[in-house]
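K.L.:
the following block contains a protein sequence and its predicted model.
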Amino acid sequence: MADRTAKLSIADTDLDLPILSGTMGPDVVDIRKFYAQTDRFTYDPGFTSTASCDSGLTFIDGDKGMLLHRGYPIDQLAEKSSFMEVSYLLLDGELPNKAQLDEFEYTINRHTMVHEQLKTLYNGFRRDAHPMAIMCGVVGALSAFYHDSTDINDPEQRRIASHRLIAKMPTLAAMAYKYSIGQPFLYPDNNLSYAGNFLRMTFGVPAEDYVVDPVIERAMDRIFILHADHEQNASTSTVRLAGSSGANPFACIAAGIACLWGPAHGGANEAALNMLREIGTVDRIPEYIARAKDKNDPFRLMGFGHRVYKNYDPRAKVMAQTATEVLDKLGVSDPVFDVARKLEEIALNDPYFIEKKLYPNVDFYSGIILSAIGFPTTMFTALFALARTVGWVAQWNEMISDPAQKIGRPRQLYTGPTQRDYVPVDKR
Ligand SMILES: CC(=O)SCCNC(=O)CCNC(=O)[C@H](O)C(C)(C)COP(=O)(O)OP(=O)(O)OC[C@H]1O[C@@H](n2cnc3c(N)ncnc32)[C@H](O)[C@@H]1OP(=O)(O)O
Ligand SMILES: O=C([O-])CC(=O)C(=O)O
């Protein structure tokens, strides 16, 4: 039997194909020969060693734990830059000068409102709907509102669609939250920063004047930077694949949101905090470490491990440091943070995690900050989607302007029955 865990040339005739026996007439396809005759594709489940595109956006060296956006290290961007600057950088290729940044912020601000009719869509959801379910629906529904920005062959229309998506995501995510708690929606206040506006639309109550705390605003902005792009992760690949057929941009981003929701990807931020809360106290950590190592138990440490990083995820480092700053500022002493730090320490000294090179990823500490700011766990992945939208649209634009772009269309190794004749129902 062929080794299906390795990169496999289809020219290898020793495939595990079923039901190849039977009468074969001259016109009957011999599936074994079909695979033997072609060496054009490789078997690579999970695309562990397949590059699907050229990209100038993001570089990751997983062994070193290095992440660069357009050449700039993520820790420098997180410390010194703003989410609007990083968005410009990802979309345009260079950091903006002051005039370019002002103009970009002005443009994004102009698009923060959503159509009034969209409110009625929210009202159709159950109040206890998961915000990611709502986000999949409402972002896809934008395709029904903005017909003037969907000619994907026109760079100007692509630019407007991209700006609309980046600008409207905070409004849509805040509306999902407001809807879940039964409060009226708040319109954006375009005098505020991108992060400040989102915080106000989420936590402001109409009767009060919501004052944005600069430390929280900075932390929110930094969390957005840390999530902005991550080369060909599952949701970005989904956006590219959906876009490769020429599909509507708003619908492509909705596809990315759907993919991000899963706990193996962006949904891990919600799952990680739920896990840490379930562990509850430091003395229970060994029990969960033992479970994570037990091959008969499907449990995994959420927020741990990564397909590409075989070293510390550089975003997790910044996230842990930001968690300390935010908790200090808020005067919060969260026992879950102690559990998280101790869990990391125990895991990083355990032979299982050392051998498999499993480290905390971006989702491990983010929930502690988001929870301290006041977000319920169900909102965590919606915030990830909000921030990742710039990466998705930048990658989508890059793909469409690439002359080598083709519709995405992987092949498969067929393992079903070989060719056979139809049998009428009364003869089966
Ligand atoms: C934003 C993001 O998407 S970051 C990732 C967020 N996801 C999570 O945090 C979920 C938990 N982590 C995981 O499930 C995985 O590490 C993934 C999905 C991130 C990466 O998966 P893959 O690259 O396919 O690695 P794979 O699942 O093959 O794991 C390799 C080995 O490490 C083990 N492993 C991987 N992650 C973990 C974990 N979190 N806890 C325990 N064991 C783990 C696997 O059991 C496997 O062991 P084996 O070789 O004995 O079979
Ligand atoms: O790169 C990945 O596979 C997952 C990830 O960390 C991200 O999307 O931010």
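P.N.:
Sure, I can see it. Ligands and ions are numbered 1, 2, ... in the order given.
K.L.:
could you use CA atoms for every contact and neighbour count after this?
P.N.:
Noted.
K.L.:
for ligand 1, what's the nearest residue on the stretch 51-200 of the chain?
P.N.:
G62 (11.5 Å; Cα to the nearest ligand atom).
K.L.:
next, the distance between the ends of stretch 68-88.
P.N.:
15 Å (Cα to Cα, to the nearest Å).
K.L.:
is any part of it close to ligand 2?
P.N.:
No: using Cα under 6 Å from any ligand atom, stretch 68-88 stays clear of ligand 2, with a minimum separation of 12.2 Å.
K.L.:
on that earlier part again, the residue of the stretch 51-200 of the chain closest to ligand 1 and I373, how far apart?
P.N.:
31 Å.
K.L.:
where does the closest residue to the residue of the stretch 51-200 of the chain closest to ligand 1 other than its chain neighbours land in three-state SS?
P.N.:
Of all residues not flanking G62 in the chain, Y309 sits nearest, at 3.8 Å (Cα to Cα, 6 or more residues apart in numbering). At Y309 the chain is in coil, as set by DSSP: H, G, I helix; E, B strand; the rest coil.
K.L.:
what's the neighbour count on Y309?
P.N.:
Counted with other Cα atoms under 10 Å, residues neighbouring Y309 total 22.
K.L.:
isn't it up against H230?
P.N.:
No: with contacts counted by Cα atoms under 8 Å, Y309 stays clear of H230, the gap being 11.4 Å.
K.L.:
am I right that D148 is in a helix?
P.N.:
Yes: when three-state DSSP is applied, D148 is found to be in a helix.
K.L.:
residue numbering should commence at 683 henceforth.
P.N.:
Okay, residue one is now 683; in that scheme the one you just asked about reads as D830.
K.L.:
what sits against it?
P.N.:
Contacts for D830 were tallied using Cα atoms under 8 Å, 6 or more residues apart in numbering; they are Q839.
K.L.:
let's see it at 10 Å
P.N.:
By Cα atoms under 10 Å, 6 or more residues apart in numbering, the contact set of D830 is Q839, R840, I842, A843.
K.L.:
save the residues you listed as CSV, and put in pLDDT, distance to ligand 2 and neighbour count too.
P.N.:
Below are the contacts of D830 laid out as CSV (pLDDT from 0 to 100; distance: Cα to the nearest ligand atom, whole Å; neighbours: other Cα atoms under 10 Å):
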residue, pLDDT, distance to ligand 2, neighbour count
Q839, 96, 26, 16
R840, 97, 23, 21
I842, 97, 24, 18
A843, 97, 22, 26
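K.L.:
so which of the residues you listed are in helices?
P.N.:
Judged by DSSP state H, helices contain the following of these: Q839, R840, I842, A843.
K.L.:
and the chain, which residues reach ligand 2?
P.N.:
Counting by Cα under 6 Å from any ligand atom, the residues of the chain near ligand 2 are H912, N915, H947, R989.
K.L.:
how near is the second one to I1028?
P.N.:
Separation of N915 from I1028 (Cα to Cα): 28 Å.
K.L.:
rewinding a little: any chance of the contacts of D830 in JSON lines, with distance to V887 too?
P.N.:
Formatted as JSON lines, the contacts of D830 follow (distance: Cα to Cα, whole Å):
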{"residue": "Q839", "distance to V887": "36"}
{"residue": "R840", "distance to V887": "35"}
{"residue": "I842", "distance to V887": "31"}
{"residue": "A843", "distance to V887": "30"}
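K.L.:
S825: what's it in contact with?
P.N.:
S831, T832, A843, N930, P931, F932, A933, C934, A936.
K.L.:
isn't the second one up against F932?
P.N.:
This points to T832. Yes: between T832 and F932 there is a contact under Cα atoms under 10 Å: 8.5 Å.
K.L.:
okay, and the common contacts of these two?
P.N.:
S825, A843.
K.L.:
who touches the most centrally placed residue in the chain in this structure?
P.N.:
Centroid check for the chain by Cα atoms, centre = their mean gives L942 as the closest residue, at 4.2 Å. By Cα under 10 Å, 6+ apart, L942 lies in contact with 814, 915-918, 920, 936, 948-950, 1063-1064, 1066-1067, 1070.
K.L.:
one more time with 6 Å
P.N.:
Contact partners of L942, counting by Cα atoms under 6 Å, 6 or more residues apart in numbering, are S917, G948.
K.L.:
can you check L1025 too?
P.N.:
L1025 touches nothing, counting by Cα under 6 Å, 6+ apart.
K.L.:
quick one: secondary structure of it?
P.N.:
At L1025 the chain is in helix, as set by three-state DSSP.
K.L.:
for Q782, state which of the contacts of S825 is nearest.
P.N.:
When the contacts of S825 are compared for distance to Q782 (Cα to Cα), A843 wins out at 19.0 Å.
K.L.:
burial measure for the residue lying closest to that closest one once chain neighbours are set aside, as a count.
P.N.:
Computed as Cα to Cα, 6+ apart, the closest residue to A843 that is not its neighbour in sequence is S831, at 5.3 Å. Around S831 there are 21 other residues, counting by other Cα under 10 Å.
K.L.:
gap between S831 and E798?
P.N.:
19 Å.
K.L.:
list phi and psi for the residue of the stretch 883-1032 of the chain at minimum distance from ligand 2.
P.N.:
Using Cα to the nearest ligand atom, the single residue of the stretch 883-1032 of the chain nearest to ligand 2 is N915, 3.9 Å away. Backbone geometry at N915, expressed as degrees, to the nearest 10, gives phi -60, psi 170.
K.L.:
can you report how many residues neighbour it?
P.N.:
Neighbours of N915 using other Cα under 10 Å come to 14.
K.L.:
same deal with the one 5 residues further on?
P.N.:
By the other Cα under 10 Å criterion, the neighbourhood of T920 contains 23 residues.
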